[in-house]
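>>> just a sequence and a predicted model for now, questions to come.
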Amino acid sequence: AQSVTQLGSHVSVSEGALVLLRCNYSSSVPPYLFWYVQYPNQGLQLLLKYTSAATLVKGINGFEAEFKKSETSFHLTKPSAHMRDAAEYFCAVKSSGGYQKVTFGTGTKLQVIP
Amino acid sequence: GAGVSQSPSNKVTEKGKDVELRCDPISGHTALYWYRQSLGQGLEFLIYFQGNSAPDKSGLPSDRFSAERTGGSVSTLTIQRTQQEDSAVYLCASSNPGDRANEKLFFGSGTQLSVL
């Protein structure tokens, strides 16, 4: 079985402040992990992914995430928030074996305050 | 096609009616997924197809929900005797599991279903 837990359904940060969105996963086999973003009135798109190469993964728009096996975490960070980062962010997990199911978290809505 | 196409984009129906939602994945993508997005519920997994078979139907909420995929391409999600709690955005996504370097889901724009 696989699952992800996103702590905090809503996060507010000031423009220029650090963004930290939390994700913890559960997987019986080594996982692939993803962050997807949904901007207002747009479809979901991939932000970044971990597929067992480097544990620190860099994505689009200055976001990055670090895979920490000991903590079963894959938190998303960005050093300095921009207004355009306001969106909903979803963490997702997929088993690295042949089973292709992708399970998403409940999402975290990021608000950026000017 | 260029992207994942879903139709209709909006569907308003009366409680008790049946609805069919269609998904046309990216050509060559063997994996196809249906998710439901409700306010505060995130993305709820419904079913996934590998080719024409559905190894995992565990997310279908009830026996009113069914899905099929033919020719390894188009998929249809059918909801019978719709209820108001079925109102949500139904998202389809596809992927090419053989392309590990570009592992990701490509999402359609969704079908907004409203049950009155």
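Alright, I've got the coordinates.

>>> how close does residue B:103 get to residue B:50?
From residue B:103 across to residue B:50, the span is 15 Å (CB to CB, to the nearest Å). Just so you know, the C-beta spots here come from the backbone N, C-alpha and C atoms, and that holds for glycine as well.

>>> same deal with residue A:105?
Distance from residue A:105 to residue B:50, by CB to CB: 23 Å.

>>> cool, residue A:73 as well?
29 Å.

>>> residue B:109 touches residue B:9, doesn't it?
Yes: using CB atoms under 8 Å, residue B:109 is in contact with residue B:9, at 6.4 Å.

>>> neighbour count winner among the two?
residue B:109 (18 against 11; other CB atoms under 10 Å in any protein chain shown).

>>> name the element that one belongs to?
Under the criterion of DSSP states H and E, residue B:109 resides outside all helices and strands.

>>> check contacts around it.
Contacts for residue B:109 (CB atoms under 8 Å, 6 or more residues apart in numbering or on different chains) come out as A:43, B:6, B:9.

>>> contacts for stretch A:33-47?
A:21, A:23, A:25, A:48-50, A:59-61, A:63, A:65, A:67, A:74, A:76, A:86-94, A:102, A:104, A:107, B:43, B:91, B:93, B:104-105, B:107-110.

>>> burial check on the residue nearest to residue A:76 when sequence neighbours are not counted, number of neighbours?
Of all residues not flanking residue A:76 in the chain, residue A:21 sits nearest, at 4.3 Å (CB to CB, 6 or more residues apart in numbering or on different chains). When neighbours are defined as other CB under 10 Å, residue A:21 has 25 of them.

>>> could you do residue B:4 as well?
Number of residues near residue B:4 (other CB under 10 Å) recorded here: 24.

>>> so which bits of chain B are right by chain A?
Applying CB under 8 Å from any CB of the partner chain, we find that chain B lies next to chain A at B:31, B:33, B:35, B:40-43, B:45, B:48, B:50, B:55-56, B:91, B:93, B:95, B:97, B:100, B:103-105, B:107-110.

>>> thanks a lot, catch you later.
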